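K.L.:
Sharing a model prediction with you, sequence too.
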Amino acid sequence: MRATGQSETVLPFSVAAADLIIGASCAGCGRPAITLCASCAGMLTPQPRVAWPRPTPQILCQPSLIEPIASGIHEGPLRAVLAQFKEEGQFGLVRVLGHFLASSVCFAAPADRPVVLVPIPSTRVTRMRRGQDTIGDLSRAAAKAVRSIGIDCTVGSPLIHARRVADQSGLSAHDRSLNMSGALRMRSVAGLGGRSIIVVDDILTTGATVAEAVRVLTESGLRPASIAVIAATARHR
Ligand SMILES: [Zn+2]
């Protein structure tokens, strides 16, 4: 993948100097590097595949199957890179992660129709804390990569939060489902007409978040075609 070029072109002396001056370290393993070391970059190869959460939320099965596609497992360097991007605001990683998401989108996209990516919206609190719209930014990077290989791909923003939700990390599958139930609502259907809808998130754990997005879209008569994420947790293997 292209991320290797970034670290391969940097001389070791420059990396060491950068590490001394600005504290540059690999987002995957923490060793001195600009963005990613060659070893981690080499391990970050998207491998898109179907990744059903178990148990599978019913809304993903009825009235039609909506397959979730993930390009990696949420562990090792990919887990570290996602954390650096989301929690430390390392925006330079958007290209690597956008490439993973783009691979899932290409795998998920129907062959004969233009697609629109529907990102899970960030909460206002998250946007303020991180200073970025995480899934929206990743979706725009992925859409750009997908368009570069000739697939008509746009990004819509039809969903907003209907109420506050708790941080999902640390919640059980049951509590995640309760936390997300009724948490989203439709804001606008602009840009969705005539396109296959792909719901986009960063990490697939229990599927509670994407299930809520699918529920809202389905109830609006806009049944999504599929779900694309960067990584699924190990339980999906
Ligand atoms: Zn590394």
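P.N.:
Sure, I can see it. Numbering: from 1, shown residues only.

K.L.:
From here on, just use CA atoms for contacts and neighbour counts.
P.N.:
Fine.

K.L.:
tell me the SS of the residue sitting nearest the centre point of the chain?
P.N.:
With distances taken as Cα atoms, centre = their mean, the residue of the chain nearest its centroid is D202 (2.5 Å). At D202, secondary structure determined by DSSP: H, G, I helix; E, B strand; the rest coil is strand.

K.L.:
In contact with it: list those residues for me.
P.N.:
Applying Cα atoms under 8 Å, 6 or more residues apart in numbering, we find D202 in contact with L101, I135, V229, I230, A231.

K.L.:
how about the helices in the protein?
P.N.:
3-8, 12-22, 38-43, 76-87, 94-108, 124-130, 134-147, 173-180, 208-219 (DSSP state H).

K.L.:
Can I get the ones you listed in JSON lines including mean neighbour count?
P.N.:
Output for the helices of the chain, formatted as JSON lines (neighbours: other Cα atoms under 10 Å):
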{"stretch": "helix 3-8", "mean neighbour count": "17"}
{"stretch": "helix 12-22", "mean neighbour count": "13"}
{"stretch": "helix 38-43", "mean neighbour count": "18"}
{"stretch": "helix 76-87", "mean neighbour count": "19"}
{"stretch": "helix 94-108", "mean neighbour count": "25"}
{"stretch": "helix 124-130", "mean neighbour count": "13"}
{"stretch": "helix 134-147", "mean neighbour count": "22"}
{"stretch": "helix 173-180", "mean neighbour count": "16"}
{"stretch": "helix 208-219", "mean neighbour count": "21"}
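
K.L.:
which of those has the lowest average pLDDT?
P.N.:
Among those, helix 3-8 carries the lowest mean pLDDT, a mean of 41.

K.L.:
Now do the same for T206: its pLDDT.
P.N.:
As predicted, T206 sits at a pLDDT of 92.

K.L.:
pretty sure it is in contact with P53, am I right?
P.N.:
Yes - applying Cα atoms under 8 Å, one finds T206 in contact with P53, separated by 5.6 Å.

K.L.:
which of those two has more neighbours?
P.N.:
Neighbours were counted for T206 and for P53 using other Cα atoms under 10 Å; T206 has more, 23 against 19.

K.L.:
need the contact list for that one.
P.N.:
When contacts are counted by Cα under 8 Å, 6+ apart, T206 touches P53, R54, P55, T56, A173, R176.

K.L.:
Tell me the one among those nearest to the ion.
P.N.:
Distance to the ion across those (Cα to the ion) is lowest for P53, with 29.0 Å.

K.L.:
Contact residues of the chain facing the ion?
P.N.:
For the chain, the contact set with the ion under Cα under 5 Å from the ion comprises C26, G28, C29, C37, C40.

K.L.:
So which of those residues belong to strands?
P.N.:
Among these, no member falls in strands (DSSP state E).

K.L.:
Can you tell me which of the residues you listed are buried?
P.N.:
Neighbour-count burial (16 or more other Cα atoms under 10 Å) is assigned, among those, to C26, G28, C29, C37, C40.

K.L.:
Cool, thanks, talk later.
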